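Visitor: could you look at this predicted model? Sequence included:
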Amino acid sequence: MGRAKEEWMRQQELEPMYEWIEENYGDDVGEEGSETWKQAAQAYEDRCEELQRQEAEWYEQEEIEWYIYTQSQAGKFDIQILSVLELLDMQASSEAKFSLLVMLHGHIVAAVESYLASTFIHKVTNSEELIRKLVETDPVFSNKKFTMKEIYEKHESLKLTVAAYLRDLIFHNLEKVKPMYKNVLGCDFGDISWLFEAVKIRHHCVHRAGLDQDGYRVNLSKESIRDLAHSSSKLVHAVEARVDKI
């Protein structure tokens with residue numbers, strides 16, 4: 001790339017800064033490189049950082065509110081599972097087939113996690129009683145020592161605090177999620193050893209493209225994907241039937 005083109009590209013990148021400085025400082029800014037100019041350029045950078053921070057906060061707030069106000073996700077889960085089963089019958093080479101199985105296994109586990117997360121957050125944040133149960137039973141919130149007055153008088157801000165905490169919770173951490181569902185929603189998953197194993201395999205799928213620590217392929221097949229899809233659907237609809245009564 002020639003120097004002239006490099007300089008032109010640099011000028012294009014800096015054009016928004018030049019326009020902002022001219023609009024906000026006018027002729028008082030002085031020559032480029034002067035102390036006044038440097039201060040104006042720093043002010044522009046500070047403004048950009050502030051706008052980026054505000055945008056990040058806006059997106060975070062929007063995501064949290066989606067969890068709070070979005071209704072049942074069981075229908076979306078069903079669509080995802082049907083898509084998995086349809087893709088499972090695609091014709092492909094042996095190598096491509098294994099890659100497909102890796103992706104489908106990970107997708108099913110992700111769909112279960114998404115359902116469990118969105119359902120729990122929606123139910124809890126829209127009930128003062130369930131927020132109280134979470135505060136009383138979860139170690140993180142119990143250590144915060146919320147008073148009953150704060151729970152009821154500051155319900156909206158507490159709702160956002162709870163939603164943000166739950167949104168950041170890793171919902172494939174089943175050792176934490178399973179008792180939370182039982183203690184707060186009264187929903188017992190029963191024996192989900194199959195899901196614990198599926199999450200373990202998903203780790204290999206995500207981080208090593210389906211290979212274990214020794215470099216061997218994890219045990220995936222059409223049958224294992226169908227079994228996982230069936231067990232996941234059974235769990236999701238059992239949870240849905242229970243929480244729908246709350």
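Guide: Right, received. Where do you want to start? Fair warning: this is a prediction, and the values are worked out from it, not measured in the lab. Residues are numbered from 1 along each chain as shown.

Visitor: how about residue 171, secondary structure?
Guide: coil (DSSP: H, G, I helix; E, B strand; the rest coil).

Visitor: quick check: the residue nearest to residue 21 when sequence neighbours are not counted vs residue 18, distance?
Guide: Closest residue to residue 21 apart from its sequence neighbours, by CB to CB, 6 or more residues apart in numbering: residue 40 at 4.6 Å. Quick note: C-beta positions are derived from backbone N, CA and C, even for glycine. Taking CB to CB, to the nearest Å as the measure, residue 40 and residue 18 are separated by 10 Å.

Visitor: settle it for me: which of those two has more neighbours?
Guide: Set side by side, residue 40 and residue 18 show more neighbours around residue 40, with 21 against 14, by other CB atoms under 10 Å.

Visitor: helix or strand: which one has the more buried one?
Guide: Per DSSP states H and E, residue 40 falls inside helix 35-69.

Visitor: separation between the residue minimising distance to the centre of the chain and residue 227?
Guide: Against the mean C-alpha coordinate of the chain, by CA atoms, centre = their mean, the closest residue is residue 167 at 6.7 Å. Applying CB to CB, the value for residue 167 to residue 227 is 30 Å.

Visitor: can you get me a residue count around residue 238?
Guide: Residues lying near residue 238 (other CB under 10 Å) number 14.

Visitor: if I pick the residue nearest to residue 21, what's in contact with it?
Guide: Contact analysis of residue 40 by CB atoms under 8 Å, 6 or more residues apart in numbering lists 21, 24-25, 29.

Visitor: 10 Å instead?
Guide: 17, 20-22, 24-25, 28-30, 32, 34 (CB atoms under 10 Å, 6 or more residues apart in numbering).

Visitor: and the helix or strand hosting residue 123, what does it pack onto?
Guide: Taking DSSP H and E as the criterion, residue 123 maps to helix 94-125. Here helix 94-125 touches helix 35-69, helix 74-88, helix 128-137, helix 155-168, helix 174-185, helix 193-208, helix 222-243, going by 3 or more CB pairs under 10 Å, 6 or more residues apart in numbering; DSSP states H and E.
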